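Asker: Quick one: sequence plus predicted model below, questions after.
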Amino acid sequence: MNRAERLLDLITYLLNAPEPVSWQEIKNQFPEDYSRGVEESNQRKFERDKAELISLAIPIDYHSGSGTKKEGYIIEEEKLFLPAIEFTTQESSLLMLSASAVLENESFPYRDQLESVLHKITSINHQISPPPAEITITYSSGQKSNSRSAWVKQIQDALDRKKTIDILYHAFSTGKTTRRKVNSYGLIFRRGNWTLVGWDHLRKDLRSFVLTRIKTLTMNTRRPGTPDYDIPKTFSLKDYQHQQLWEMELHEPITITIRVSPHRLPELLPQLTTAKKRSKNLFELRVTNRLSLIPWILSHKTDVEVLDPPEIRDEIRKILREM
């Protein structure tokens, strides 16, 4: 029995168990896997299998035997399965329109998964109907999009297996192309681009990498069944979902004070959630990518003004004179 079959059988066994299952009962059920050789090795093997299932969102709980419950392991059905999904007529129409838009793009890396999910939803929800025929969505195809799609698939594979990747990366901030060894922690799609967040072995810190700037990518193939790293429990991809471009770690942090015109505050406040508010329309920004901040400031013309530091004001004046 290979590992995938063993994990599937373990899920089935624990899910169908009417009460928690002891370690001895698991060994009796899987003697070829957990009852051969040294006991310590068998326990480590089971812990690896359990960790793998938990990483796949299979909730294996351990009950200590307190109260009326027996001591042992169990998968509780109510934690494993999500409640039934129901959509209003409007939500159904929007769902089909959004899905159709994405599926029209042949370079989208998760087309197969989206088609599978959509098929399952439509099979149980008869309110969903295809979008009107008069609505057509088209995409321009190109090598850049296809290569980006390939990077997403490879990085997702590395993420699933927690294998280190080696990339050749062109940094916009320096104009240099360097080889980077990265532990992938997560992928984000924002502002029309995929961004990889991970531990950069060169910088010894967390970094964000825009996939369109990756030139080559290879995954560590040594010990394919063994993870190269663990994602820290303190890491949260949500912290990066609303990260602004000027917050990407490209240089030492500097503090920049800006003033926003009052009539633009409702529009711009969602982009300033991490800024320190000094007054109604004065904000301090922690900037680690000044090359992205300046175009953002210029795009708002006189509605966003840099007050400090002087060198940033001088840099903006220089750009405006050249323009």
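Answerer: Thanks, I have it. This is a predicted model, so every value here is computed, not measured.
Asker: quick one, strands of this protein?
Answerer: Ranges of strands in the chain, per DSSP state E, are 60-63, 72-75, 165-170, 177-190, 193-200, 205-210, 214-219, 254-260, 276-277, 282-287, 304-308.
Asker: Can you convert the ones you listed into CSV and add a column each for mean pLDDT?
Answerer: What follows is the strands of the chain, written out as CSV (pLDDT from 0 to 100):
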stretch, mean pLDDT
strand 60-63, 86
strand 72-75, 90
strand 165-170, 94
strand 177-190, 89
strand 193-200, 87
strand 205-210, 86
strand 214-219, 93
strand 254-260, 94
strand 276-277, 92
strand 282-287, 93
strand 304-308, 93
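Asker: So which of those is nearest Ser92?
Answerer: Smallest distance to Ser92 across the strands of the chain (Cβ to Cβ): 23.5 Å, for strand 177-190. Bear in mind the C-beta positions are built from the backbone N, C-alpha and C, glycine included.
Asker: now what about that closest one, what contacts it?
Answerer: Identification of contacts with strand 177-190 by Cβ atoms under 8 Å, 6 or more residues apart in numbering yields 152, 155-156, 158-159, 162, 164-171, 194-202, 206-207, 209, 215, 228-229, 231, 235, 237, 240-241.
Asker: Filter those residues down to the buried ones.
Answerer: Listed as buried from those are 152, 155, 158-159, 162, 164-165, 167, 169, 194-200, 206-207, 209, 228, 231, 240; burial here means 16 or more other Cβ atoms under 10 Å.
Asker: Residue ranges of each domain in this structure, please.
Answerer: 3-80, 85-141, 143-233, 254-322 (automatic domain parsing).
Asker: Relative to Leu245, which of these is closest?
Answerer: If we rank the domains of the chain by Cβ to Cβ, the stretch that ends up nearest is domain 254-322, at 3.6 Å.
Asker: Ends of the closest one, what's the gap?
Answerer: The straight-line separation of the ends of domain 254-322 (Cα to Cα, to the nearest Å) is 25 Å.
Asker: From the chain's centroid, how far away is that domain?
Answerer: 28 Å (Cα atoms, centre = their mean, to the nearest Å).
Asker: where in the stretch 101-250 of the chain is pLDDT low?
Answerer: Applying pLDDT under 70 to the stretch 101-250 of the chain picks out residues 104-107, 119-149, 172-174, 190-193, 242, 249-250.
Asker: how about the helices of it, start to end?
Answerer: For the stretch 101-250 of the chain, applying DSSP state H, counting those that start in this stretch gives helices covering 111-124, 143-161, 238-241.
Asker: Same list (the domains of the chain) but as JSON lines, adding distance to Leu245.
Answerer: What follows is the domains of the chain, written out as JSON lines (distance: least, Cβ to Cβ, whole Å):
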{"stretch": "domain 3-80", "distance to Leu245": "31"}
{"stretch": "domain 85-141", "distance to Leu245": "23"}
{"stretch": "domain 143-233", "distance to Leu245": "8"}
{"stretch": "domain 254-322", "distance to Leu245": "4"}
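Asker: Looking at the ones you listed, spot the one closest to Trp246.
Answerer: Per Cβ to Cβ, nearest to Trp246 of the domains of the chain: domain 254-322, 3.7 Å.
Asker: What residues sit buried inside stretch 42-59?
Answerer: Those buried within stretch 42-59 under the rule 16+ other Cβ under 10 Å are Asn42, Lys45, Phe46, Asp49, Lys50, Glu52, Leu53, Ile58.
Asker: Surely the last one and Tyr73 touch.
Answerer: No. Counting by Cβ atoms under 8 Å, no contact exists between Ile58 and Tyr73, whose distance comes to 11.6 Å.
Asker: How many residues are close by Leu114?
Answerer: For Leu114, the neighbour count with other Cβ atoms under 10 Å is 15.
Asker: For it, give its distance to Ile54.
Answerer: Noted for Leu114: a distance of 26 Å to Ile54, by Cβ to Cβ, to the nearest Å.
Asker: likewise Glu78?
Answerer: Taken as Cβ to Cβ, the span from Glu78 to Ile54 is 17 Å.
Asker: how far is stretch 2-9 from where the chain is centred?
Answerer: 27 Å.
Asker: buried residues in that stretch?
Answerer: Those would be Arg6, Leu7, for stretch 2-9 by 16+ other Cβ under 10 Å.
Asker: The buried residues of stretch 42-59 into TSV, with extra columns for pLDDT and distance to Glu252?
Answerer: TSV is the format used below for the buried residues of stretch 42-59 (pLDDT from 0 to 100; distance: Cβ to Cβ, whole Å):
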residue	pLDDT	distance to Glu252
Asn42	90	50
Lys45	91	46
Phe46	90	47
Asp49	89	44
Lys50	88	43
Glu52	86	40
Leu53	85	42
Ile58	85	43
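Asker: Using JSON lines, please lay out the residues you listed together with distance to Thr274.
Answerer: Converted to JSON lines, these look like this (distance: Cβ to Cβ, whole Å):
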{"residue": "Asn42", "distance to Thr274": "48"}
{"residue": "Lys45", "distance to Thr274": "44"}
{"residue": "Phe46", "distance to Thr274": "43"}
{"residue": "Asp49", "distance to Thr274": "40"}
{"residue": "Lys50", "distance to Thr274": "37"}
{"residue": "Glu52", "distance to Thr274": "35"}
{"residue": "Leu53", "distance to Thr274": "36"}
{"residue": "Ile58", "distance to Thr274": "35"}
